[in-house]
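In: Quick one: sequence plus predicted model below, questions after.
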Amino acid sequence: MSVIFELDKRGGLPPENVPAPRRARLSPRRRRQLLGAIALVVFAAIVAGVIMAYNQVFSPGVPATVVSAEAGLLMQDGADVTLDGVTIGRVTSITPVDNQARIGISIDPSQIGYIPANVQAQILAPTVFGPKYLNLVVPAHPAAERMRAGQVIEPTASATEIDTVFANLAKVLDSVDPAKLSATLGAISTALQGRGQEIGSFIVQLNSYLKDFNPALPAVSKDLSTIPPVANTYTAAAPDLIKTLDNLRVTSGTIVSQQAQFDALLVDLSGFSSNARSFLSSNGKSLVGTLATLLPTDNLVSYYSPEFPCLFASINQINKISITDNINLNTAIIPGSNPYTYPSSLPVVKASGAPSCYGGPLTPATAATWPRLSFDDGTASISGNSLSYGKLAINLFGSSGASAAKSAAKNSAAKSASKGK
């Protein structure tokens, strides 16, 4: 029995001299497949990053809520939120709650500093059928506080939906008889046919009128504001007005009952007016001449009219004294005045004496101290030395005049004594 041993040549070599195994190389096809897969993974990662950045995964926005009566047919999640035409956020959710739409929005945190707390929102559409977007409107008087997270913005204004217009139009068409509508439109068409130029001129005139009327709107507004006080005044006066109208009812009844006499009065007035017209037409020039002649006299009487009350009062006073008492006339022979001298004794033409009462009407006190009177007419004045003031006061007023005369005499004596000193 024989055993044959075969030695491995590599096993027979020293360990340090054993060669390393070779790596298998990728084929070109395998290499292209691997690079394509890596490229797809990188592209998917980029797309995912863009989507996550758009959804603000890396930088969460400031949430807020907009309350609206309706969100609009084409309002969707992800719609833009703008401020003065600049996109600052997006719509995150639309939830119907109690017949309202609660629209969740997310605002870029870097834009919060530009949004006041009293901001308002509008739901708008770029075109009639375009998708809706949310526009934030800064009010005329913005608040100093800035918008905060979780704030509820209301109220909002939304664009009119086209389906709402058609729904309202359908209601109108359902309530209108087509035949009558056709007849009405035909009549309008006939009336407007060939009148385009006139209608254009009317519109131009109306525009000019409105331009002139617009500056007066503040005054009209002020007048309208005064209507309530005026209405309140009329309300307060309504009972008196009703009473007056009731009295007019009685007056009208009286006129109706006295209709025959009223007709006779009108006939008499008609005859009188005819006679007066005939008289005036015949004597008009004479009346005008008479009035022109009386004008200087009337002016003179008007100038001296302030004397008339005093004159009538003095006459009435003398009349009472003559009825209740006697008037005594005392005469005395006194030295005559200076003889006539020329030209000092000539009468004054156009005397300058103003209207005056000359101390009248007399009283016990004024009769006792009646002053000297001078008239600017060239005649002799009434001399105070030629009258006995005390006797005049006694004759006019009796005992009260006597006491007044004594008091006046004492006062005159006292004044003379003081002047002598």
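Out: Structure's in. What do you need? Numbering: from 1, shown residues only.
In: now what about the helix or strand where Gly186 lies, what contacts it?
Out: Following DSSP states H and E, one finds Gly186 within helix 178-192. Helix 178-192 is contacted by residues Leu173, Ile199 when judged by Cβ atoms under 8 Å, 6 or more residues apart in numbering. Heads up, the C-betas are built off the backbone N, CA and C, glycines and all.
In: What confidence value was assigned to Ala292?
Out: Ala292 carries a pLDDT score of 90 in this model.
In: Correction: the previous question concerned Ser403.
Out: So Ser403 comes in at 64 (pLDDT).
In: buried set for the helix holding Gly186?
Out: By neighbour count with 16 or more other Cβ atoms under 10 Å, helix 178-192 contains no buried residues.
In: Can you name the next helix or strand after it?
Out: Taking DSSP H and E, what comes next after helix 178-192 is helix 196-213.
In: if you average pLDDT over that following helix, what comes out?
Out: Average pLDDT, helix 196-213: 90.
In: Run through the neighbouring helices and strands of the helix or strand following it.
Out: Scanning forward in sequence from helix 196-213 by DSSP H and E, the next helix or strand is helix 217-225. The contact analysis (3 or more Cβ pairs under 8 Å, 6 or more residues apart in numbering; DSSP states H and E) places helix 217-225 against no helix or strand.
In: For the remainder of this discussion, apply numbering that starts at 367.
Out: Got it, the first residue is 367 from now on, which makes the last one we talked about helix 583-591.
In: Now the element after helix 583-591, going C-ward?
Out: Counting by DSSP H and E, the element after helix 583-591 in chain order, helix or strand, is helix 593-623.
In: Tell me what angle that next one forms with helix 583-591.
Out: For helix 593-623 against helix 583-591, the angle by axes from the mean of the first three to the mean of the last three Cα atoms, to 10 degrees is 60 degrees.
In: Check which element follows helix 593-623 along the chain.
Out: helix 625-669.
In: right, and the helix or strand after that following helix?
Out: Heading C-terminal from helix 625-669 (DSSP H and E), you reach helix 673-690.
In: relative orientation of that next one and helix 625-669 in degrees?
Out: Counting by the same axes, to 10 degrees, helix 673-690 lies at 100 degrees to helix 625-669.
In: buried sites along helix 673-690?
Out: Those buried within helix 673-690 under the rule 16+ other Cβ under 10 Å are Cys676, Ser680, Gln683.
In: mind checking how far the first one is from Gly726?
Out: Applying Cβ to Cβ, to the nearest Å, the value for Cys676 to Gly726 is 5 Å.
In: Please apply the same query to the second one.
Out: Using Cβ to Cβ, we find Ser680 at a distance of 4 Å from Gly726.
In: With the last one instead?
Out: According to Cβ to Cβ, Gln683 and Gly726 sit 8 Å apart.
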